[in-house]
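**Q** Okay, predicted coordinates and the sequence, questions at the end:
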Amino acid sequence: MKMRLIITATISITAISSVLAQGDVSRGAVAFRQCAACHSLEPGLHLTGPSLSGVIGRNAGKAPGFRRYSEALKGVEFSWTEKALDQWLENPDKFVPGTSMRIRPMADVSMRQDIVAFLKASQATGSIGKVKNRMANLKQAPPEKRVTAVHYCPDAYQVTVVTGATYTFWEFNLRFKTDSGSNGPLKGQPVLVGQGMRGDRAQIIFSTPSEIGTYIQNKCTNE
């Protein structure tokens, strides 16, 4: 039975690949990783950009639930076809002048065709090439990441977490963000998230903007 399932899956992928002769689905899955930071393939899961689930055939600037389209893209009247996606990837600002989509123009024709083939295959099967959402669920953040207080001390922030540990960041290196989505932090329990650079930069994620002001105290922890 297991062998039959493997053979069936292989035949399905081969059939799709033959239809999408201009692009390679497997290579497209790899190339799409650079897109996955801003776009999911899950219906309704919008990140920086709209979900690309069902994008082929969808009216441009009209993904349900996505409200951050540029005025330029809101004003266009076309549907996303394979050709339109190829032109978009080649140079978004040239295809739709004034768009807020800021990516480096993709001059590699094969890579563009591979990504389009991957999107079409994913849409056709509902399973092939599904990219896992890499955003952590902040509601499950451990005690050492859950913030209890933020003190502003001349040119620095001192951040205290549930375990009692306090971390100091130069004011320019600490960002304050909000996430009201399903993966965002619990109300009243902001989370400290690292941001690389050898641990000297970080961001605090709040559930709502109103929480930010209530947490920041204008004094040093040792006063």
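**A** Received the coordinates, thanks.
**Q** Test my guess that residue 139 contacts residue 188.
**A** No - Residue 139 sits out of contact with residue 188 when judged by CB atoms under 8 Å, with a separation of 11.9 Å. Yep, even glycine has a C-beta here, placed from its N, CA and C like the rest.
**Q** More neighbours: the two, which one.
**A** residue 139 (14 against 11; other CB atoms under 10 Å).
**Q** residues contacting that one?
**A** Residue 139 sits next to 183, 184, 185, 186 when contact means CB atoms under 8 Å, 6 or more residues apart in numbering.
**Q** domain parsing for the chain?
**A** 15-125, 138-217 (automatic domain parsing).
**Q** Skipping its backbone neighbours, what lies nearest the residue most central in space within the chain in space?
**A** Taking CA atoms, centre = their mean as the criterion, residue 38 is the residue nearest the geometric centre of the chain, at 3.3 Å. Leaving aside its chain neighbours, residue 38 sits nearest to residue 48 (4.0 Å; criterion: CB to CB, 6 or more residues apart in numbering).
**Q** and the one you found, what are its phi and psi?
**A** phi -60, psi -40 (degrees, to the nearest 10).
**Q** okay, the closest residue in space to residue 100 that isn't next to it in sequence: pLDDT?
**A** Leaving out its chain neighbours, the residue that sits closest to residue 100 by CB to CB, 6+ apart is residue 70, at 3.9 Å. Here, the pLDDT recorded for residue 70 equals 93.
**Q** all strands of this protein, in order?
**A** Assigned by DSSP state E, the strands in the chain fall at 147-153, 156-161, 166-170, 174-178, 191-194, 202-206, 216-217.
**Q** Pick the most deeply packed of those strands.
**A** strand 202-206 (a mean of 21; mean count of other CB atoms under 10 Å).
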